[in-house]
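Colleague: let me see the structure of the following:
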Amino acid sequence: MREPVAPGGEGCLVVAVRLPVRIVVFVLVVPLRMAWDVLVAGGRLLHRAVLRPLGRGLSWAGRALFVWPWVALWRYVLVPVGAGLGWLGRVLLVIPAVWLYGSVLGPVGRGAARVLRGVGAGLAWVLRGVGAGVAWVLRGVGAALVWVGRGVAAGLGWLYARALTPCGHAVVWLVRWLVIVPARWLVVVPARWLYRYLLIPAGHGLVRCVRALLWLVRTSAAGIGFVLYWAARLLLVLPAFAVWRWLLVPVGRGLAAVGRVLAVVGRELAAALGHAWRVAGHVSLAVGRFLRALLRWTVAVPARWAYRRLLTPVGHLVRDGVLRPTAEAARGAGRVVRQALAAARETARQTRADLRRALFGEPAKRREAVRGEPGADGTRTLEKRTTALTKD
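Modeller: Alright, predicted model coming up:
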């Protein structure tokens with residue numbers, strides 16, 4: 001029996017569960033989404049106003065405390081010290097080693113190599129001469145040994161042909177009639193008769209006994225297996241099949257139906273959560289816009305109007321009617337005071353000068369040095385080393 005299908009192509013269970021689940025989830029999710037949006041806005045404000053400047057300050061402090069000292073140590077201490085040590089090592093080690101190798105060890109090594117090559121060439125010449133003499137001696141000794149060996153072989157061949165061949169035939173005839181023929185009739189013939197008339201029949205009987213024993217064991221095992229098979233089938237398989245067919249299958253089908261229902265409910269619940277979260281986002285956005293407009297029209301716009309229409313004209317009036325005249329009067333009073341102080345200083349200076357002249361008399365005038373263009377005698381010539389600028 002098929003389930004009734006809704007017009008949209010979904011089951012009636014889905015349609016019946018969807019609307020109440022979405023309503024309940026929407027009622028539960030809207031406060032959570034608004035709280036989440038408030039936390040997000042507060043977090044962004046905290047990040048923009050507090051955490052980012054604090055992070056920049058901590059970053060600058062970290063660089064100032066940990067990075068810049070090490071950079072300065074590396075740049076102004078370690079690098080110059082390393083360069084100095086490198087130059088010192090080069091001057092004290094590399095350059096003397098290069099000079100020692102190029103001026104002392106190289107010529108000594110090349111001279112020693114030449115001496116060793118000469119000694120080796122002399123030893124090789126001596127050894128080649130000695131080897132040639134030894135080879136000539138050994139060739140002579142070898143030729144003599146070959147000649148002696150050929151003579152000995154010829155003598156042994158003659159002795160074998162003349163004396164040992166008749167003796168060998170006699171020995172072979174004796175071995176044949178004294179060893180081989182008795183061994184054949186005493187060992188080989190009885191062993192062949194024993195194998196043919198005793199061992200073969202005994203082996204055939206033993207094989208038939210083993211085959212009969214194997215047939216008996218196979219038949220017994222087949223009977224026992226048949227009995228065990230039917231006993232296991234009657235005691236285990238048929239009860240397990242009955243339990244599976246009449247108990248586990250219906251229970252599994254019921255659990256599958258419940259699982260499908262729970263899957264539908266869970267899927268609808270997840271879809272309702274997503275839909276409610278998105279709708280709650282729009283609601284939260286609308287509430288945020290409403291609060292922003294409310295704050296704007298109740299606080300920002302009146303404050304801006306008061307600033308533009310009231311405070312700005314009053315400020316301009318105060319600036320033009322009070323502050324600027326006061327500033328001009330203050331600047332005029334300052335100029336008068338400065339002029340009075342300058343006149344007082346000038347009067348005091350003149351008074352001191354009059355007292356000094358009255359007490360000590362007029363001071364002697366200093367003679368000013370007259371510097372004009374040099375004449376013909378003061379100009380530079382080829383014989384004189386002074387010039388108009390250096391001559392005083």
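Colleague: mind jotting down where the helices sit in the stretch 101-250 of the chain?
Modeller: Assigned by DSSP state H, counting those that start in this stretch, the stretch 101-250 of the chain shows helices spanning 106-159, 165-175, 181-183, 189-194, 200-232, 238-243, 249-295.
Colleague: could I get these in CSV, plus columns for mean pLDDT?
Modeller: Output for these, formatted as CSV (pLDDT from 0 to 100):
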stretch, mean pLDDT
helix 106-159, 78
helix 165-175, 66
helix 181-183, 71
helix 189-194, 78
helix 200-232, 86
helix 238-243, 88
helix 249-295, 82
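Colleague: buried deepest among the ones you listed, which one?
Modeller: helix 249-295 (a mean of 13; mean count of other Cβ atoms under 10 Å). Where C-beta positions appear, they are placed from N, C-alpha and C, glycine not excepted.
Colleague: returning to what we had before: reformat the helices of the stretch 101-250 of the chain as CSV; add distance to V98.
Modeller: Converted to CSV, the helices of the stretch 101-250 of the chain look like this (distance: least, Cβ to Cβ, whole Å):
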stretch, distance to V98
helix 106-159, 10
helix 165-175, 89
helix 181-183, 94
helix 189-194, 95
helix 200-232, 95
helix 238-243, 94
helix 249-295, 79
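Colleague: between those, which one is closest to I23.
Modeller: Counting by Cβ to Cβ, I23 lies closest to helix 249-295 out of those; the figure is 8.7 Å.
Colleague: same for that closest one, what does it pack against?
Modeller: Packing contacts for helix 249-295, counted by 3 or more Cβ pairs under 8 Å, 6 or more residues apart in numbering; DSSP states H and E, involve helix 12-46.
Colleague: pick out the residue nearest the middle of this structure.
Modeller: A centroid search over the chain (Cα atoms, centre = their mean) returns V67, at 23.9 Å, as the residue closest to the centre.
Colleague: wasn't that residue part of a strand?
Modeller: No - going by DSSP: H, G, I helix; E, B strand; the rest coil, the assignment for V67 is helix, not a strand.
Colleague: and it, how far from I95?
Modeller: Note on V67: its distance to I95, by Cβ to Cβ, to the nearest Å, is 38 Å.
Colleague: just A280 next, same as before
Modeller: According to Cβ to Cβ, A280 stands 82 Å off from I95.
Colleague: what of V50?
Modeller: The value you get for V50 to I95, if Cβ to Cβ is used, is 62 Å.
Colleague: next one: R22
Modeller: 90 Å.
Colleague: give me the more crowded residue out of the two.
Modeller: R22 (19 against 11; other Cβ atoms under 10 Å).
Colleague: that one contacts W277, correct?
Modeller: No - applying Cβ atoms under 8 Å, one finds R22 not in contact with W277, separated by 11.4 Å.
Colleague: identify the contacts common to those two.
Modeller: By Cβ atoms under 8 Å, 6 or more residues apart in numbering, R22 and W277 have no common neighbours.
Colleague: out of the helices of the stretch 101-250 of the chain, which comes closest to L341?
Modeller: L341 lies closest to helix 249-295 among the helices of the stretch 101-250 of the chain, at 57.2 Å (Cβ to Cβ).
Colleague: show the subsequent helix or strand relative to the closest one.
Modeller: Note on helix 249-295: by DSSP states H and E, the next helix or strand toward the C-terminus is helix 301-306.
Colleague: quick check: mean pLDDT across that next one?
Modeller: For helix 301-306, the mean pLDDT works out to 89.
Colleague: who are the packing partners of that helix?
Modeller: Contacting helix 301-306 under the criterion 3+ Cβ pairs under 8 Å, 6+ apart is no other helix or strand.
Colleague: in it, what's buried?
Modeller: Neighbour-count burial for helix 301-306, counted by 16 or more other Cβ atoms under 10 Å, picks out no residue.
Colleague: CA atoms only: put it into PDB for me.
Modeller: The C-alpha trace of helix 301-306 is given here as PDB (Å, rounded to 0.1, in the frame of the first residue of the first chain):
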ATOM      1  CA  VAL A 301      19.400  64.400  13.800                       C
ATOM      2  CA  PRO A 302      18.400  66.600  16.800                       C
ATOM      3  CA  ALA A 303      22.000  66.800  17.900                       C
ATOM      4  CA  ARG A 304      23.100  67.700  14.300                       C
ATOM      5  CA  TRP A 305      20.300  70.300  14.000                       C
ATOM      6  CA  ALA A 306      21.200  71.800  17.400                       C
END
